[in-house]
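Novice: any chance you can model this:
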Amino acid sequence: MTTAPAEFLTTRHGTLRSALSRLELDALLVSAPANIAYLSGFFGSAGTLLLHADGLHLFSDTRYASVLADLGRDVPGLHAVVVRPGQSSVDEEIVRVLGELGLSRVGFEASHLTVRRHVDLTRRLALAGRVVELVATDEVVLRLRAVKDAWWRSCGRRAGGFPMSLSV
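Specialist: Numbering: from 1, shown residues only. Next comes the predicted model:
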């Protein structure tokens, strides 16, 4: 897959952080695969991204351990969290990281996070004694993706055209 260079990812992260600030959110939990790929270059089938003021955490399972390690080196500010079956779950790790970071208002992609997962995250946060308000957002990343950066536009000039998994 074609991934944007680090400097473009950093710009995207900054633009999203500005949008989150306007929404009075500390972070955004990204679960739409195309949005995760746009922000991190991760094209796996199982992943969740948490973007916050100090960086981003990418959560996935052991199938993607080597990919996560590579992204952890290549993407500025990215912390890869590999979840091992039987030891933890992605949602348990999200709750742990939210607590460590002390975040209180966290947006989530309402059109991509299931009700069941929202209920589970809310329950896990309460059980862990974390006071975190989960706030539904609507197409925050999609709006950013609609404005094509120079890297994206250059993809159309190269053979093969645009990366299909990232098209709007």
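Novice: I'd like the distance between the most centrally placed residue in the chain and A126.
Specialist: Nearest to the geometric centre of the chain sits L49, at 2.4 Å (Cα atoms, centre = their mean). Plainly put, L49 is 23 Å away from A126 if you go by Cβ to Cβ, to the nearest Å. Yep, even glycine has a C-beta here, placed from its N, CA and C like the rest.
Novice: and what of A136?
Specialist: 18 Å.
Novice: and the helices in this structure?
Specialist: Secondary structure of the chain, counting by DSSP state H: helices at 6-22, 33-40, 65-74, 90-101, 115-127, 140-146, 150-157.
Novice: out of the ones you listed, nearest to V82?
Specialist: Distances from V82 to each of the helices of the chain were compared using Cβ to Cβ; the minimum, 4.8 Å, belongs to helix 65-74.
Novice: so, low pLDDT: which residues of this protein?
Specialist: Low-confidence segments of the chain (pLDDT under 70): 1-2, 150-151, 156-168.
Novice: if you count neighbours, what's buried in stretch 12-23?
Specialist: Judged by neighbour count (16 or more other Cβ atoms under 10 Å), stretch 12-23 contains these buried residues: 12-13, 16-17, 19-20.
Novice: okay, now S154: neighbour count?
Specialist: In terms of burial, S154 registers 11 neighbours under the definition other Cβ atoms under 10 Å.
Novice: residues contacting it?
Specialist: Residues near S154 by Cβ atoms under 8 Å, 6 or more residues apart in numbering: none.
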